[in-house]
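Asker: Task: produce atomic coordinates for the following.
(chains A and B)
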Amino acid sequence: MNKYRTHNCTELTKKNKNQEIILSGWINKKRDHGNLLFIDLRDNYGVTQCVIDKSNKFFNELEKIQLESVIKINGKVVERSKETINSDLKTGEIEVNIISFETLGHCMELPMPVFSDQDYAEEIRLKYRFLDLRRKKIHENIILRSKVISFIRNKMSELGFLEFQTPILTSSSPEGARDFLVPSRLNPGKFYALPQAPQQFKQLVMVSGFDKYFQIAPCFRDEDARADRSPGEFYQLDLEMSFVEQEDVFNVVEKLMISLFKNFSSKKLLHEKFPRISYEKVMLKYGTDKPDLRNPLLINDITNIFTREDVKFDIFKKLVKSGSKVRSIVTKKTKNKPRSFFDNIDKWAKELGASGLAYFTIEKDQKISAKGPVGKFFSEDSLMDIMKITNAEVGDSLFLACEKLKEVEKISSLARDKIAYELNLIDESKFAFCWIVDYPMFEKDEVTNKVKFSHNPFSMPQGDIKNIDFKKPLNIKAYQYDIVCNGVELSSGAIRNHIPELMYKLFSIVGYDKNQVDEKFGGMINALSYGAPPHGGIAPGIDRIVMLLAGEKNIREVTMFPMNQNAQDLMMNAPSKVSEEQLKELNLDLKKKK
RNA sequence: GGGGGUGUAGCUCAGUUGGUUAGAGCGAUCGCCUGUCACGCGAUAGGUCGAGGGUUCGAGUCCCUUCACUCCCGCCA
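Answerer: Numbering: from 1, shown residues only, chains lettered A, B, ... in the order given. From the prediction side, this is the model:
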């Protein structure tokens, strides 16, 4: 028999009545009646109420013991009387009469309460993460994360994928995010980089003939944090498949996501077949490439309306003439909304740095007319056209934004979220997945005006490979795709370019000659030159998936030991200084701070 | 790198127009209490009001600088 416990803290029921048992766990809560003491004993599995009274020689010692100390209790299971049953506890029909106890791990005075639903400052939670993790909500989140990862592993194996590990110490790559660098002792002056993703390795796995690969892969990017982005490291379900087209990848991921989300959440999926939306369309209709499809509002382009003679809205007309676009959002049946509703959204837009949102409501007496501060500028005819383009009806309202393309996309996208939130249009009980497809291969850098890769340089361009018009690179689309759920970008993926000649050609467009490509991606190109299969894949973010399933808005709520916003681990005190000897071994000198 | 928010007891927070000795709940310590499950009752301890400077007869409160945490922008193929 195990010396610490015969049962865990959720197991005992009426069936164990009169048994002598041993429990070990943390003291969750004490209720001291002076001559009678209740102790809620907690472990990973649950809580059991234990009782002791003054007649027991251990009473005084137990009365004084700190909360969150770890103790072992020898006791007898007794059935509770009807009035004292606690239906909130799985073990609420019984309690344990303490015979003796032993302290296994003493707890000092707590810097933060463990038994409490209160929110605490992030700083103290991270410093005492081991205490924070004892708390119910986050404890359950971490267990969920473990179960999700197991489920994914099983499902991927079931689907015929093999799990491999790829190197953690690898080489820095010139594209993408900032690298974490690790100095090499044996090669002075040279550095490893931690992988931003196992991108090149997984392609090499395909070239090596393994057909289907996956990995719960740690990824390292030295970029600034956000609520949904850990600084430093995060995990992807990295996967890659040979001899596939885009739809084959989609099929695998849809199967996985549907079973995963059905299994771990009671929320319903809005679409069982995830909609495919082209990049071009998503930017027009949603203003972003990570649209929240739970939000029914759509954006429409009505720029042309402002070239008409019978529209007198001169501010917009002038802006349109100089290249600005006008985008609108229709809100249904909002004609009775108070003026303040519209003005507040206009004010909100201005606070974000936009020039504001014009608005009017469509009404009908004898004629169709627009009501609102700018309504008078629109003729009946122009309103009919607007209604045609936007599917607006009498009684609906329109918000109008007029900015340069990038800005109008941005503000209309934010306004879409804001207005839906104000009108309570988001159905929180749903998951809405979609694929964003047909990304452009290249884009123009706004600062340098040079053509650059818009996403992954290793993606396969669309169309007949032999007849691609490289003179118009901005027209080339790629087999590049994103999967999005509830406005959260879960991952990017692509069908890869496995043809070295085509790779050189595409790199030449962004200004790399053959030698430079060989130097930067020699390993990759070389491998592709020895018989590479067509292949493609994707890498959904594990942390974000768990966030969605747990209903959390912050990635640290589903990460066991996260770093803070400044990429510091407050518990382990990382990063930290190293000794002179260590620096010397690595051939490093530190610049003296001023 | 830039913008917003926050910072008062171990924890969560209140603190009016600048005005006497900075408060509450939880926690801690001590005492009372045999059926609680957020047990109850009483007492005690606990404060560089994030730090530094300034204005003022007087600063938790006003001004300046700075630090920490957090959210956002940039960044994240």
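Asker: list the contacts for residue A:549?
Answerer: Residue A:549 makes contact with A:144, A:148, A:260, A:261, A:264, A:265, according to Cβ atoms under 8 Å, 6 or more residues apart in numbering. Where you see a C-beta, it was placed from the backbone N, CA and C, and this is true even at glycine.
Asker: okay, the last one: pLDDT?
Answerer: By that I understand residue A:265. pLDDT, residue A:265: 96.
Asker: gap between the residue nearest to it when sequence neighbours are not counted and residue A:164?
Answerer: The spatially closest residue to residue A:265, leaving aside those adjacent along the chain, is residue A:549, at 5.2 Å (Cβ to Cβ, 6 or more residues apart in numbering). Note on residue A:549: its distance to residue A:164, by Cβ to Cβ, to the nearest Å, is 26 Å.
Asker: With residue A:117 instead?
Answerer: 43 Å.
Asker: about what we covered before: now the contacts of residue A:549 in TSV, with distance to residue A:456?
Answerer: Converted to TSV, these look like this (distance: Cβ to Cβ, whole Å):
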residue	distance to residue A:456
A:144	31
A:148	26
A:260	25
A:261	26
A:264	29
A:265	30
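Asker: Now rank the residues you listed by neighbours and give me the top one.
Answerer: Among the contacts of residue A:549, the one with the most neighbours (other Cβ atoms under 10 Å) is residue A:148, at 20 neighbours.
Asker: Which neighbouring elements make contact with the helix or strand hosting that one?
Answerer: Here residue A:148, judged by DSSP states H and E, is contained in helix A:136-158. Judged by 3 or more Cβ pairs under 8 Å, 6 or more residues apart in numbering; DSSP states H and E, the packing partners of helix A:136-158 are strand A:162-163, strand A:212-221, strand A:232-242, helix A:246-264, helix A:542-550.
Asker: same thing but at 6 Å, please
Answerer: helix A:542-550 (3 or more Cβ pairs under 6 Å, 6 or more residues apart in numbering; DSSP states H and E).
Asker: Could I get the CA-only coordinates of the helix it packs on as PDB?
Answerer: Output of helix A:542-550 as PDB, limited to C-alpha atoms (Å, rounded to 0.1, in the frame of the first residue of the first chain):
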ATOM      1  CA  ILE A 542      -1.600  25.300 -30.100                       C
ATOM      2  CA  ASP A 543      -1.800  28.100 -27.600                       C
ATOM      3  CA  ARG A 544      -4.500  30.000 -29.500                       C
ATOM      4  CA  ILE A 545      -6.500  26.800 -30.000                       C
ATOM      5  CA  VAL A 546      -6.500  26.200 -26.300                       C
ATOM      6  CA  MET A 547      -7.400  29.900 -25.700                       C
ATOM      7  CA  LEU A 548     -10.400  29.600 -27.900                       C
ATOM      8  CA  LEU A 549     -11.500  26.300 -26.200                       C
ATOM      9  CA  ALA A 550     -10.900  27.700 -22.700                       C
END
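Asker: returning to that earlier point: can you check what pLDDT the model gives the residue nearest to residue A:265?
Answerer: pLDDT at residue A:549 comes out at 97.
Asker: The one 5 residues further on now?
Answerer: According to the prediction, residue A:554 has pLDDT 94.
Asker: For it, list the residues it contacts.
Answerer: For residue A:554, the contacting residues are residue A:227, by Cβ atoms under 6 Å, 6 or more residues apart in numbering.
Asker: Quick check: it vs residue A:228, distance?
Answerer: On the measure of Cβ to Cβ, residue A:554 and residue A:228 end up 7 Å apart.
Asker: For the residue lying closest to residue A:320 once chain neighbours are set aside, the count of nearby residues, please.
Answerer: Spatial nearest neighbour of residue A:320, chain neighbours left out: residue A:306 (4.4 Å); criterion: Cβ to Cβ, 6+ apart. Residues lying near residue A:306 (other Cβ under 10 Å) number 23.
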